[in-house]
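Chemist: got a predicted structure plus its sequence, pasted below:
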Amino acid sequence: MEEHPDRTPTAHRVMRQDDNGNRFLLARGLTRPAAEAMAAEFEARGHKQLYWVEREEPEESEEPAQPGEPGAGRG
């Protein structure tokens, strides 16, 4: 799926899963082509691990809205 030209490109990350099912973040904030190239490079090394690309979701604020701020008192 192509990004709309008027929108900010979506960031992608490269993930790895080892033989024990543990998942690790290898890189983040990449364009999709760069993330896919990195995953392909790791796969080409012949390790018996799984590599894949995920779209990163916009980060949500960890702090709740304070009274008087936009979004406060809703819910």
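Modeler: Cool, got the structure. Numbers count the residues shown, from 1 in each chain.

Chemist: could you say which helix or strand contains F24?
Modeler: Assigned by DSSP states H and E, F24 belongs to strand 23-30.

Chemist: now do that strand: which elements does it pack against?
Modeler: Strand 23-30 sits against strand 12-17, helix 32-44, with contacts defined as 3 or more Cβ pairs under 8 Å, 6 or more residues apart in numbering; DSSP states H and E. Quick note: C-beta positions are derived from backbone N, CA and C, even for glycine.

Chemist: of all the ones you listed, which one is nearest E54?
Modeler: strand 12-17 (5.3 Å; Cβ to Cβ).

Chemist: please work out the average pLDDT along the closest one.
Modeler: Average pLDDT, strand 12-17: 96.

Chemist: that older thread, looking at the helices and strands packed on strand 23-30, which is buried most?
Modeler: Looking across those with neighbours counted as mean count of other Cβ atoms under 10 Å, the highest average goes to strand 12-17: a mean of 18.

Chemist: what's the angle between that one and strand 23-30?
Modeler: If you take axes from the mean of the first three to the mean of the last three Cα atoms, to 10 degrees, strand 12-17 sits at 170 degrees to strand 23-30.

Chemist: so what are the sheet partners of strand 12-17 and their directions?
Modeler: Each strand paired with strand 12-17, and its direction, by DSSP bridges: strand 23-30 (antiparallel), strand 50-55 (antiparallel).

Chemist: name the residues of the longest one that are buried.
Modeler: It refers to strand 23-30. L30 (16 or more other Cβ atoms under 10 Å).

Chemist: looking at that strand now, give me its mean pLDDT.
Modeler: In the prediction, strand 23-30 has an average pLDDT of 96.

Chemist: show me where pLDDT drops low in the protein?
Modeler: Scanning the chain for pLDDT under 70 picks out the ranges 1-8, 59-75.

Chemist: contacts for the strand holding F24, please.
Modeler: 11-18, 35, 38, 42, 51, 56 (Cβ atoms under 8 Å, 6 or more residues apart in numbering).

Chemist: now do 10 Å
Modeler: 9, 11-18, 34-39, 42, 49-54, 56 (Cβ atoms under 10 Å, 6 or more residues apart in numbering).
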